[in-house]
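K.L.:
give me coordinates for this.
(2 chains)
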Amino acid sequence: MVDVSELTTGMSASCPRCGFMLTRKRRDAYRRIIAFASAGLIFLFVANNYPFLSFSSSGLESVMTLRQTPGALWANDMPEVSLLVAAFILVIPAAILLMMLALSFSLSQDRYHAWMTPVAKTIFLARNWSMVEVFIIGVIVSLVKIAAMATVEIGLAFWAYAAFTICFTLSVAHLDRYQCWQDIERLGVAR
Amino acid sequence: MSAVATGASRELASCHLCYKLAPNSLSHCPRCGSALHLRKNDSIQRTLALLFTACLLYIPANLYPIMYTEQLGSTEASTILGGVVLLIELGSLPIAMVIFVFSVMVPSAKIMAIFYLVWTVERHSPLGPRQRSLMYRVTELIGKWSMVDVFVVAILVALVHLSGLLVIRPGIAALSFAGVVIVTMVAAESFDCRLIWDNMEETK
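P.N.:
Numbers count the residues shown, from 1 in each chain, chains lettered A, B, ... in the order given. The predicted structure is shown next:
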C-alpha cells in the first residue's frame, strides 16, 4: 500500500516493489483532454470524409476511403474480421474520445452526474482495445508493399487520421486512472 | 524483503478497474461496482486455457494463406511467412523485418513469455520478480502490435481492386491470426501479475 494523498501537481507515485508508475497529477489534465479529444474528433470526421489512399496502374485507378477498409472485408465474405477492424480503428477510438470529452468536461467543472461511473468504467475497459497507432503502421507497411506494383497516392484523410492518432494518444495519456476515480468519488460524496 | 505493508496482509483488496482499496469481505467495489477480489479469479487456469487456444489458432494462421493476389487471371496465395520472404526478394528488407517482428516474433514471444510467467508463479525462477513484472508489462504493451498484418490485408483488399488487372482478396489466415492476437491479449489481461510477488513473500 502506498499513501498518495500528499501528491501535488506535477508529482507522480511509483510502486515500491516493481517500479511501475501508479499515478501522476498533471496540471490542467481535464482541460487538456477536452482540447485533445475535440481536436481528435474533428480530425476523425475529416479522415472519414476524404480519400485515404488512391492507387493506379495501367491507366486504371481505385480510390480507398477509411470506411472501405472494413467494408471491403465484409464484401469479401469476412464479416468477423471486418467488424473487428471497424471496432479497433474507428468505433472504439471514437467512442473513447466522446466519453472522455463528456467526462473531462464535467470533472473540470466539478459537476457530478450518475452516468460518470459507468462511462469511466467503459473508458478504462475499452482503452486497451483501440489500435489507431497500429493501423498507422499498417498503412505504412501497405504503402511499401504495393509501391512496387503501382503508383500510390496519399490522400487528405491519411494525414487527418495520423493527426487523430496523435490527439487520441495524448488525451488517453492525460487521463490518470487513479486521479480520475478519486475525483468522481469526491464529487459524488460532496453532492 | 520489503518494508511496505501490502493490502492483502490487512484484508484489503484493490479494485481491478478503479484501484479503490476496499475490505476484502465485500463482493463488489463500493466505488465503481466491479466484482472485487484479492487476486483475479482462477487467474492461472484462465490464462493457460487462453494460451492453449492461441496455440491452436496459431497453426491455421501460419499454414493457410492470409491473402490472394489475382493478377491478369492468375491467382497467387501468400502466407504470413511467404509475405516476409516475398518482401525480402523485392528488396524491402526493413519492411520485411517489421512484418517478421510483429507477425512472427511478437505473437510467439508473447505466448512463451506468458507461459513462462505462469510456470514460475509456483516455482523457483532465475529471473527476479522485478524482471518478471517488467516482462509482464512489456508483454501487455506489445500485444496489440501483432494486429499490423491483419490491417495490412484489410488496407490492400480495400485499395487494390482493379477488376481483371489486379485484385487482392483476404484469406482465412487473417481471421485465425486476428484470433491469436485477441486471445493472447485476453490471456495477458487475465494473468494477475501480483501472483509473481505473492510467491516471493511466502518463501521468504
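K.L.:
okay, now residue 75: neighbour count?
P.N.:
Just so you know, I chose chain A. A count of nearby residues for residue A:75, using other CB atoms under 10 Å in any protein chain shown, gives 15. For the C-beta atoms, the positions are set from N, CA and C on the backbone; glycine is no exception.
K.L.:
that's the wrong chain, I meant chain B
P.N.:
Neighbours of residue B:75 (other CB under 10 Å): 11.
K.L.:
check the gap between it and residue B:168 for me.
P.N.:
According to CB to CB, to the nearest Å, residue B:75 and residue B:168 sit 10 Å apart.
K.L.:
spell out which residues are contacts of both of these two.
P.N.:
Common contact partners of residue B:75 and residue B:168 (CB atoms under 8 Å, 6 or more residues apart in numbering or on different chains): B:68, B:69.
K.L.:
residue contacts, residue B:33?
P.N.:
Counting by CB under 8 Å, 6+ apart, residue B:33 has contacts A:117, A:121.
K.L.:
OK, contacts around residue 88?
P.N.:
Assuming you mean chain A. Residue A:88 neighbours (CB under 8 Å, 6+ apart): A:129, A:130, A:131, A:134, A:135, B:147.
K.L.:
you looked at the wrong chain, it should be chain B
P.N.:
residue B:96.
K.L.:
check which helix or strand covers it.
P.N.:
Using DSSP states H and E, residue B:88 falls within helix B:80-90.
K.L.:
C-terminal to that helix, what's the next element?
P.N.:
Downstream of helix B:80-90, the first helix or strand assigned by DSSP H and E is helix B:93-99.
K.L.:
following that following helix, which helix or strand comes up?
P.N.:
Downstream of helix B:93-99 (by DSSP H and E), the next one is helix B:106-121.
K.L.:
may I see the buried residues of that following helix?
P.N.:
When burial is assessed from 16 or more other CB atoms under 10 Å in any protein chain shown, helix B:106-121 yields the following buried residues: B:106, B:107, B:108, B:110, B:111, B:113, B:114, B:115, B:117, B:118, B:120, B:121.
K.L.:
who touches it?
P.N.:
Outside helix B:106-121, the residues that reach it (CB under 8 Å, 6+ apart) are B:44, B:47-48, B:51, B:54-55, B:58, B:127, B:132, B:135-136, B:138-139, B:142-143, B:145-146, B:180-181, B:184, B:187-188, B:191, B:193, B:195-196, B:198-199.
K.L.:
may I have the lengthiest helix in chain A as CSV, with CA atoms only?
P.N.:
Secondary structure assigned by DSSP state H gives helix A:29-49 as the longest helix of chain A. Extracted C-alpha coordinates of helix A:29-49, given in CSV (Å, rounded to 0.1, in the frame of the first residue of the first chain):
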residue,chain,number,x,y,z
ALA,A,29,-5.2,17.4,-17.1
TYR,A,30,-9.0,17.6,-17.8
ARG,A,31,-8.8,20.8,-19.8
ARG,A,32,-6.0,19.3,-21.9
ILE,A,33,-8.1,16.2,-22.5
ILE,A,34,-11.0,18.4,-23.7
ALA,A,35,-8.7,20.1,-26.1
PHE,A,36,-7.1,16.9,-27.5
ALA,A,37,-10.3,14.9,-27.6
SER,A,38,-12.3,17.6,-29.5
ALA,A,39,-9.4,18.1,-32.0
GLY,A,40,-9.2,14.3,-32.4
LEU,A,41,-12.9,14.0,-33.2
ILE,A,42,-12.6,16.8,-35.8
PHE,A,43,-9.7,15.0,-37.4
LEU,A,44,-11.6,11.7,-37.4
PHE,A,45,-14.5,13.4,-39.1
VAL,A,46,-12.2,14.7,-41.9
ALA,A,47,-10.5,11.3,-42.1
ASN,A,48,-13.9,9.7,-42.8
ASN,A,49,-15.0,12.0,-45.5
